[in-house]
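J.: Whatever this is, show me its structure:
(6 chains)
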4 protein chains.
Amino acid sequence: MLTPVSTASDLPLDAVDTGAEPGGTPVIPRGGGRDAITGAAREIFAERGYHGTSIRDIAKRAGLSLSAMYYWHPSKQHLLAALIEESTYDYFHRCDEALREVGDDPADRLRALVRATVEYRVRRRVESNIGTQEWRNLEPDNRERLDGLRRSATQLWADIINDGVTRGTFRCAHPGDARRSIVAACNAIAQWYEPSGELGLPDLVERYTEIALRIVDYPS
Amino acid sequence: MLTPVSTASDLPLDAVDTGAEPGGTPVIPRGGGRDAITGAAREIFAERGYHGTSIRDIAKRAGLSLSAMYYWHPSKQHLLAALIEESTYDYFHRCDEALREVGDDPADRLRALVRATVEYRVRRRVESNIGTQEWRNLEPDNRERLDGLRRSATQLWADIINDGVTRGTFRCAHPGDARRSIVAACNAIAQWYEPSGELGLPDLVERYTEIALRIVDYPS
Amino acid sequence: MLTPVSTASDLPLDAVDTGAEPGGTPVIPRGGGRDAITGAAREIFAERGYHGTSIRDIAKRAGLSLSAMYYWHPSKQHLLAALIEESTYDYFHRCDEALREVGDDPADRLRALVRATVEYRVRRRVESNIGTQEWRNLEPDNRERLDGLRRSATQLWADIINDGVTRGTFRCAHPGDARRSIVAACNAIAQWYEPSGELGLPDLVERYTEIALRIVDYPS
Amino acid sequence: MLTPVSTASDLPLDAVDTGAEPGGTPVIPRGGGRDAITGAAREIFAERGYHGTSIRDIAKRAGLSLSAMYYWHPSKQHLLAALIEESTYDYFHRCDEALREVGDDPADRLRALVRATVEYRVRRRVESNIGTQEWRNLEPDNRERLDGLRRSATQLWADIINDGVTRGTFRCAHPGDARRSIVAACNAIAQWYEPSGELGLPDLVERYTEIALRIVDYPS
DNA sequence: CATGAATGAGCTTTCATTCAT
DNA sequence: CATGAATGAAAGCTCATTCAT
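T.: Here you go, the predicted model:
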């Protein structure tokens, strides 16, 4: 059952497809308010940033009244937190799954993590950008709650790279910088990739896997 | 001569020198009002973002009245544009200089560009973050004026990498992704580097030069 | 018969009896929705005032949904009017009864009125405070309808005191001020009296009867 | 020097005459914003209560913009607190003065206190009503700060009456109820007295002095 | 150069109320 | 009888900006 004002943690792990056309005023089926609002907020937060977005903008794009937002979310901040939380959990979940499918070879594990990350950055491009850019606009409570998750994700990368270096699989001298560089490169994808363009996701994954392996100096 | 309220384009390429001319009438006010404001704006824009910052916050941190702010800058937007413009010019200028000091070997040129970029991201950490994060908040006029510069900077990287690939110096299969990855890795430095920490700037430059060369698959 | 949404004037003079008729279909719902709402409104109006109370507060304290409230009362204003009207009628009714039990001696009649008033202020402390404090928030229609009642009550006091002065039973020089002082003193009881304290209602009545008689200068 | 946003305690002890005609849109002299706002707030808070008053109402009656209010007061609550605090201090101050002018005879002291109270209720009719009716709408901080004052005022009455009873000057059996009755009678004046009517302030004082003395059973 | 005072538009949020079910 | 979903108006407050001095 859906409670109208849920805590952010109630959010499902998978992406919600609201069927709302970006930019248009969609017809909202009765009861579909929550998704319409979440979808609109996702788009506009990504376009203009948290403080650059007014809830009037969100309501308008959602095709609902201003007050409808407050029926489903107790505040604008809650909306942001819900968006970021859901997408962060989703990412973490996908990494976890990807890693569970491979053995303990550091190169395989790095490949898996790069794949999960690139796929996430492409498939959930919008929210993932919100996550990186609007993190500082989370109120302390929300931020603290999510900081742990973020650190865990960092740790996934660190563990793999450190393990690879220890075993001699990777030969990079500075595993921390290697990790930061790989993550930065993957994250940047969300800022330039055009899903409608020629380059398909599998190719993209392959390219960034190669780059990552070169960064950790894995003999090709 | 500096007119008190300059358009953003008047800004000098280097950091403003506020010192009073010995013996003469100071062109810049003793109190350093202009710098106080620019400095405060830089800090707070970086901390909270453009829309998250009120000009009252800026004036307060600058220790000046609201109206004093308007004496020096005609608007909040102007303040942002001035900050970004100055720092973007500065970056471009440094790249230019660095490249002029080296020959035409692609590896040398890439090394020079990485060095200039890393140094810029460290020495002008705050503004450089504003540049990347608040670009979208520039009004069309300002943004268009600067987009050319940005594209030129991108071209600097692209030319070097493409040249290296053409010559066979670099062996990476996807020069565009290599470029984006290198730039992303360098840019990220501004988000985690602690100038007061153990790692010095020269070491940092060396580390990221190595990473960049690995990304373009330059034989070590 | 009680129609579910009655106008304020339908209200009975006594507290509503919600008991289900034995053997028949209950006219009033088992859950006692109407009473729950009235009770909650009484408490919260008294605590925070009419404009300081939201109907969501009322519904929540009543343990009902917002819409349930609207089933029983057409508006927030109606709720206030009903509360005040019922309690004002009640007061008037009690005064009437008390006076019918005594003869025409002004002192006896004053004693009866003081007793009725003090008892009312204690037994219906909450509503009586709402009546005095929220009168101004009645909409013109409702206020006008009740103003007559209020004036009648005032007249009850005035008649007795004037009669006493005319007959020489009371010797106060300014019967109007005497009346206002007595009423003010009795009304104030609702603001400080603690029903759970040591002082019982009969003693309280006696004390204020004495005070009233002293105010009208009745020889003791 | 006037600081724009003062704490409530900065307020002067005497009543401010703003020259604003009630109900009209007065012409505000430059810099006269503070008084215009305070005056308007006083009137409308008294008419409609704190929660029934919007700051737009206040600004409109003051003949100023909404934001002007926020230049002088940090919030609507501050405005209420300032109004109540100033008037409460004023009352206390006047009582103190009145008592300093008389000797230690309980009857004289009671007369002095009644006079100070009646005069206050008449001369500062509006604020004094705000004080009694809107006290509960003070936020905890403000209320606590003022509760001490209020208790001190109560104590002034209590000391006098208790002293009179102890000495045998007053013969009332229940000094607490006598005190509450006298205060209630005096306070009620603010609710019905018409300064423009026939009854002058000195006469009013005399009448209520008599009533008070009868309440404490002082032999006439 | 700089200030104090003021403004209008806009912000997030809450309100009483409605309506289809 | 009662609910869940939604709304338009208005609330308190903050914003960038202006202007007389």
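J.: give me every residue that touches the residue nearest the centre of chain A.
T.: In chain A, the residue lying closest to the centroid (Cα atoms, centre = their mean) is residue A:128, at 3.1 Å. Residue A:128 sits next to A:87, A:91, A:120, A:121, A:187, A:190 when contact means Cβ atoms under 8 Å, 6 or more residues apart in numbering or on different chains. (C-beta placed from N, C-alpha, C; glycine too.)
J.: got a pLDDT number for the last one?
T.: So the one you mean is residue A:190. The model reports residue A:190 with a pLDDT of 96.
J.: how is chain A carved up into domains?
T.: Following automatic domain parsing, one gets these domains for chain A: A:8-77, A:83-215.
J.: Would you mind checking which of the ones you listed scores lowest on average pLDDT?
T.: Across these, the lowest-scoring stretch is domain A:8-77, with a mean of 76.
J.: could you say which helix or strand contains residue A:209?
T.: Residue A:209 is part of helix A:201-215, with elements assigned from DSSP states H and E.
J.: So which bits of that helix are buried?
T.: Within helix A:201-215, the residues scored as buried using 16 or more other Cβ atoms under 10 Å in any protein chain shown are A:204, A:205, A:206, A:207, A:208, A:209, A:210, A:211, A:212, A:213, A:214, A:215.
J.: next one: stretch A:55-73
T.: For stretch A:55-73, a neighbour-count test (16+ other Cβ under 10 Å) marks A:55, A:57-59, A:61-64, A:68-70, A:72-73 as buried.
J.: Name the residues that touch stretch A:139-156?
T.: Here stretch A:139-156 makes contact (Cβ under 8 Å, 6+ apart) with A:8, A:77, A:80-81, A:84-85, A:88-89, A:91-92, A:95, A:99, A:113, A:135, A:138, A:179.
J.: Identify the farthest-apart pair in the residues you listed.
T.: Largest separation among these by Cβ to Cβ: A:77 and A:99, giving 32.6 Å.
J.: follow-up on the earlier one: quick check, distance from the one helix or strand the residue nearest to the centre of chain A maps to to the centre of its chain.
T.: Following DSSP H and E, one finds residue A:128 within helix A:125-134. Distance of helix A:125-134 from the chain centroid (Cα atoms, centre = their mean, to the nearest Å) equals 6 Å.
J.: which element is residue A:103 on?
T.: Using DSSP H and E, residue A:103 falls within no helix or strand.
J.: Would you quantify the distance from it to residue C:56?
T.: Here residue A:103 is placed at a distance of 57 Å from residue C:56 (Cβ to Cβ, to the nearest Å).
J.: With residue A:129 instead?
T.: Distance, residue A:129 to residue C:56, by Cβ to Cβ: 37 Å.
J.: Residue A:181 now?
T.: Residue A:181 is 53 Å from residue C:56, by Cβ to Cβ.
J.: Which positions in the helix or strand hosting residue A:156 come out as buried?
T.: Residue A:156 is part of helix A:140-167 when elements are defined by DSSP H and E. Neighbour counts over helix A:140-167 (16+ other Cβ under 10 Å) mark A:142, A:146, A:153, A:156, A:157, A:160, A:161, A:162, A:163, A:164, A:165 as buried.
J.: sorry, back to before: out of the contacts of stretch A:139-156, which are buried?
T.: Listed as buried from those are A:8, A:80-81, A:84-85, A:88-89, A:91-92, A:95, A:99, A:113, A:135, A:138, A:179; burial here means 16+ other Cβ under 10 Å.
J.: Narrow those residues to those in helices?
T.: Using DSSP state H, A:80, A:81, A:84, A:85, A:88, A:89, A:91, A:92, A:95, A:99, A:113, A:179 are the members of the buried ones among the contacts of stretch A:139-156 that sit in helices.
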